[in-house]
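Peer 1: Structure, please.
(one chain, ligands or ions: 1)
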Amino acid sequence: MTSNCKNYSDTISIPENFPFPYEKPYEIQINFMKALYKTLELSKIGIFESPTGTGKSLSLICGSMKWLRDMKEKQKADLEKLIADEEEEKKKKALNPSSGFSWLTEHEENFEKNLQNMALRDSLDKQVKQEKEFNEMKNRAKTRSKQKINNQNKAVLQAKNGQEEKRNDSKDENFKDELDLILDDYKSDEEDFKDFDDDDDDNKEDQLTRIFFCSRTHSQISQFIGELKKTIYSDSARVVSLGSRMNLCINDTVLKLGSFQAVNDRCLELQKNKKSTNKSGSKKSKIDSGTKEPYDIEDFGKAGREEKICSYYGARYSIPSAEIIALPYNILFQKETRESFSINLKNQVVIIDEAHNLIDTIAQIHSVEFTDQHVYQSLTQLNNYVNRYKSRFSAKNMLYLRQLINVLTGLQKIFTTKDENAKLENSNGKISFKLSKMWTVVEFMTITKFFNLNFVKLLKFCEETQLEKKLIGFNEKFYPKVDVENEENKGVVKVKKECKNSTENSSSENQPMIKSPIMLIKQFMKALSSPLYDGRIILTIDPTTRSTLKYMLLNPNICFDEIVSQAKSVILAGGTMKPVSDFEQLIKEKERIEYFSCGHVIPKDNIACLGLSTGPTGIKFDFSYNSRDNNQILDELGRQLIKLCSIVPSGLVVFFVSYDYLDKVVNHFKKNSYLDKLNEKKTVFYEPRLSSECDRVFNEYIKAIKKPKPNSRQDGAILFAVVGGKMSEGINFSDELGRCVCVVGQPFANIKSLELQEKMQYLNKTQERGPNDKLPGQIYYENICWKAINQSIGRAIRHQNDYATIVLIDARYCNQSLFALKEKLPQWIGDSFKQESFTYDNSKIMEDLVKFYAAKSKK
Ligand code: SF4
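Peer 2: Residues are numbered from 1 along each chain as shown. Take a look at the predicted model:
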């Protein structure tokens, strides 16, 4: 275990025992929970690394819940003592009243004391209120289960309600009333619009400490809730799972609108007109969650439908009575979304799981990308809409609609950017352009002349008039199946022709159009008008694919900083958090950082990691960009993999640096009969480029290992996969599915990429140099590579009795000190790295591998 917790004062008391669901937790789990407890107690920011299969989620739950409950108990005890002391003092004073001027000093002292006490009393009152609410929930749940006996009556009632609702909503279907499609008059920019989505002050005022558990996807949150159900906190923890309206809305008519924004807009509009789905008529009804066991997002959805309470608002209004709030990344990391949920992180504990790619994920959440097709689709919709209703719009509406058309026209022009140096001529003499260009926000606003427009006001107009939703309705009513090629669709054709230069050769011409492309344009405008963000706009024109325009956020640390500066404690947890320098760069208050990394639950001799700098015939494995296509090296790789197939039992997974390189290697293997030889020993599978094919290939791979063909000489299967591809995350190669995981080469990102170069330069300008005076851009570049490697090799060992070897095939792995290599690998893998890799020749290393598997087969 690595932890710097021991540097802190020993005055805080850390429990020796934690309520773990299994009789005796492993030592690493106890250490994890102790380190977590200490980090929370000291209000620090923790970077916690714990390999998959070591019970990370359970350790996070048990360590943090134990701390939360202890903290509350302590607060209660402190208060009770305080109140008792006060009473005692009052009694004493009544017996010895003060005389002379001493009453004045006493009064001042009492005033100070009272202020302090009031804060504590307030906190206690809130705790009591929270507990009371939860108990009420439990009682309601009991009553409801009794009521369920009378199912027949309920069914009749529900059917009736359903009909009522259908009647109310029938007008929404397909926007039968055309008046609904026309924008309401937009009155004034200065007018203070009431935000119908922002009246839940309860959540804002309450500053009780809670645990915000955040993960990337809903299924990861469901897994977390599943783990929570195994603990003693299952029936007592008050849990709320948050999701978007798209996840939790129970009004099917609204859900049918299909787009995130349209569902939001329609929901807000229904509330304005008091037509939202809600049993009490008020959207402040809560979902009685966690009365039997914690709910995940799906459970919230089901509960809402059963009770006819909106699950979305039900979850939101349940926050004050919750101790744990489970939420996806996009709710936590977007300030606006956080605010719309009334989440105030002051004094809160934030646990971010699966945090290994946190920086890129935050940057992605705040970046926007769209194609030329999205622009002309938006422009077409808007032109058609304006043409139909212009005589009925107010002057102000027309002003803003024209501005929006100007923005779209400006974007359209950008897609026709030409560069004589990027000219391409096809066999018919036709000229096209392939180029990438990048601008700062100021440059972009200047060349597009957007600086004349006030995006903030324009966005407000779009929001207030619900333009996006009206456009969707308009399009569905009048252009249900717009054929962009149809000459009769005049407005459409006009725009299509203007865009033709950039799209006519596109291979993805028949891509399905999205329902609400203007949503992307709005996000883009929002990004351009955010003063705190530092971003770049990148145009990519390629006649073989769709041309794209992208806003790239360069400083995701701003978004993270908002969270760190408010929260009491932030925990970043993941299976492979190394290298950690990225995270350190993300956190301003370096003195608050705690680092914890633990080993695996497996015995030490169940894992061996080694590097191969040369192949079986002594040829150097140089997979750097300039040498990796060398036929001699590819031949040597073929021989090496055949050798490994003979040594490794069952499943062997080989990761390559990209799909293109994988194709190249496979073609070479096919031509030179290496593939046939590999197939003699193991069935060969390749990771498909299409996600939809992944499950099929993986299932066939499993079948080849677990149910080999009768009389087959093959032993298991070999899978060629891609680092950072679909099989490098989320798929477990446990037991015989991955007795050996190899990485061929080092997956450095394309250094010629404009985006990467700009990001590196930006870091060089804004961050301090690292160890050995290394430029921060270079550190970032190397870290991307190592995080991807660590994700892939972390797939191998998944539980206590598992065993596997990890083989890093490239001389560059052995061209550094063991210390430097260990700094980059997860600790549990770094500790198992065989130092002999630096000195032994290939045959000696293969002998060691044979011994490793022989020892395992005896057990
Ligand atoms: S209030 Fe709830 S159920 Fe009604 S439309 Fe909004 S999200 Fe859907």
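Peer 1: Now the element after the lowest-mean-pLDDT helix or strand in the chain, going C-ward?
Peer 2: Using mean pLDDT, DSSP states H and E, helix 490-503 stands out as the lowest-scoring helix or strand of the chain, at a mean of 39. Scanning forward in sequence from helix 490-503 by DSSP states H and E, the next helix or strand is helix 518-528.
Peer 1: separation between the most centrally placed residue in the chain and the ligand?
Peer 2: For the chain, the residue sitting closest to the mean C-alpha position, by C-alpha atoms, centre = their mean, is residue 216 at 3.2 Å. For residue 216, the distance to the ligand (C-beta to the nearest ligand atom, to the nearest Å) stands at 23 Å. C-beta: built from backbone N, CA, C; applies to glycine.
Peer 1: what's the spacing between that residue and residue 261?
Peer 2: 22 Å (C-beta to C-beta, to the nearest Å).
Peer 1: before we move on, the earlier item: my read: the residue nearest to the centre of the chain touches residue 327, true?
Peer 2: No: taking contacts as C-beta atoms under 8 Å, residue 216 lies outside contact range of residue 327: 11.0 Å.
Peer 1: looking at this, residue 799 is in a strand?
Peer 2: No: applying DSSP: H, G, I helix; E, B strand; the rest coil, one finds residue 799 to be coil, outside a strand.
Peer 1: okay, now it: neighbour count?
Peer 2: 15 (other C-beta atoms under 10 Å).
Peer 1: Quick check: phi and psi on the residue nearest to it when sequence neighbours are not counted?
Peer 2: The spatially closest residue to residue 799, leaving aside those adjacent along the chain, is residue 53, at 4.7 Å (C-beta to C-beta, 6 or more residues apart in numbering). Backbone geometry at residue 53, expressed as degrees, to the nearest 10, gives phi 100, psi 0.
Peer 1: Just list the residues touching residue 53, thanks.
Peer 2: With contacts defined as C-beta atoms under 8 Å, 6 or more residues apart in numbering, residue 53 is in contact with 600-601, 734, 797-800, 802.
Peer 1: out of those, which one sits closest to the ligand?
Peer 2: residue 798 (38.8 Å; C-beta to the nearest ligand atom).
Peer 1: And for the closest one, the neighbour number?
Peer 2: Neighbour count for residue 798, taken as other C-beta under 10 Å: 21.
Peer 1: is it true that it touches residue 734?
Peer 2: Yes: counting by C-beta under 8 Å, residue 798 touches residue 734, with 3.7 Å between them.
Peer 1: Buried residues, stretch 456-471. List them.
Peer 2: For stretch 456-471, a neighbour-count test (16 or more other C-beta atoms under 10 Å) marks 458-471 as buried.
Peer 1: go on, stretch 542-554?
Peer 2: 542-543, 546-554.
Peer 1: any idea which of those residues is least confident?
Peer 2: In terms of pLDDT, the lowest of these is residue 543, showing 78.
Peer 1: got the phi/psi numbers for residue 720?
Peer 2: Main-chain torsions, residue 720, degrees, to the nearest 10: phi -90, psi 120.
Peer 1: what pLDDT does it get?
Peer 2: Here, the pLDDT recorded for residue 720 equals 97.
Peer 1: Excluding chain neighbours, what is closest to residue 593?
Peer 2: residue 45 is the one closest to residue 593 (C-beta to C-beta, 6+ apart), at 5.4 Å.
Peer 1: I misspoke; the intended subject was residue 408.
Peer 2: residue 379 is the one closest to residue 408 (C-beta to C-beta, 6+ apart), at 4.3 Å.
Peer 1: can you check residue 632 too?
Peer 2: residue 619 (5.8 Å).
Peer 1: what residues are up against the one you found?
Peer 2: Here residue 619 is in contact with 632-633, 635-636 (criterion: C-beta under 8 Å, 6+ apart).
Peer 1: Just among those residues, which is most surrounded?
Peer 2: residue 636 (21 neighbours).
Peer 1: show me what contacts that one?
Peer 2: By C-beta under 8 Å, 6+ apart, the contact list for residue 636 reads 615-617, 619, 621.
Peer 1: Next SSE downstream of the host helix or strand of residue 719?
Peer 2: According to DSSP H and E, residue 719 maps onto strand 717-722. Counting by DSSP H and E, the next helix or strand C-terminal to strand 717-722 is strand 740-744.
Peer 1: Direction included, what does that following strand pair against?
Peer 2: Take DSSP bridges as the rule and strand 740-744 pairs in its sheet with strand 652-656 (parallel), strand 804-809 (parallel).
Peer 1: looking at these, which is closest to the ligand?
Peer 2: Relative to the ligand, the nearest member of the strands paired with strand 740-744 by C-beta to the nearest ligand atom is strand 652-656, separated by 42.8 Å.
Peer 1: Give me the distance from that closest one to the chain's centre.
Peer 2: 26 Å (C-alpha atoms, centre = their mean, to the nearest Å).
Peer 1: With the flanking residues excluded, which residue is spatially nearest to residue 781?
Peer 2: residue 760 (6.0 Å).
Peer 1: just checking, what packs against the strand or helix carrying the one you found?
Peer 2: With elements taken from DSSP H and E, the one containing residue 760 is helix 754-766. Here helix 754-766 touches strand 435-440, strand 535-541, strand 548-553, helix 776-793, going by 3 or more C-beta pairs under 8 Å, 6 or more residues apart in numbering; DSSP states H and E.
Peer 1: Let me see the contact set for the residue nearest to residue 408.
Peer 2: 405, 408-409, 412, 495.
Peer 1: Which of the residues you listed sits closest to the ligand?
Peer 2: residue 408 (29.5 Å).
Peer 1: hang on, isn't the closest one packed against residue 524?
Peer 2: No: counting by C-beta under 8 Å, residue 408 does not reach residue 524; the two are 10.8 Å apart.
Peer 1: residue of the stretch 101-250 of the chain with the smallest distance to the ligand?
Peer 2: For the stretch 101-250 of the chain, C-beta to the nearest ligand atom, closest residue to the ligand: residue 249, 3.3 Å.
Peer 1: so what's the closest residue to that residue other than its chain neighbours up against?
Peer 2: Nearest non-adjacent residue to residue 249, counting by C-beta to C-beta, 6+ apart: residue 255, 5.3 Å away. When contacts are counted by C-beta under 8 Å, 6+ apart, residue 255 touches 246, 249, 263.
Peer 1: cutoff 10 Å now
Peer 2: Each residue near residue 255 by C-beta atoms under 10 Å, 6 or more residues apart in numbering is listed here: 245-249, 263, 266-267.
Peer 1: What separation is there between it and residue 245?
Peer 2: 8 Å.
Peer 1: now residue 818
Peer 2: Counting by C-beta to C-beta - residue 818 and residue 245 are separated by 53 Å.
Peer 1: now swap in residue 42 and tell me
Peer 2: For residue 42, the distance to residue 245 equals 38 Å [C-beta to C-beta].
Peer 1: and these two? which has more neighbours close in?
Peer 2: residue 245 (22 against 15).
Peer 1: quick one: that one and residue 301 touch, right?
Peer 2: No: using C-beta atoms under 10 Å as the test, residue 245 is too far from residue 301 to be in contact (11.2 Å).
Peer 1: Can you name the helix or strand that residue 628 falls in?
Peer 2: Per DSSP H and E: residue 628 is located in neither a helix nor a strand.
Peer 1: count of neighbours near it?
Peer 2: Neighbourhood size, residue 628 [other C-beta under 10 Å]: 20.
Peer 1: List the contacts of it.
Peer 2: Per C-beta under 10 Å, 6+ apart, neighbours of residue 628: 621-622, 634, 637, 656-657, 661, 664-665, 744-745, 810.
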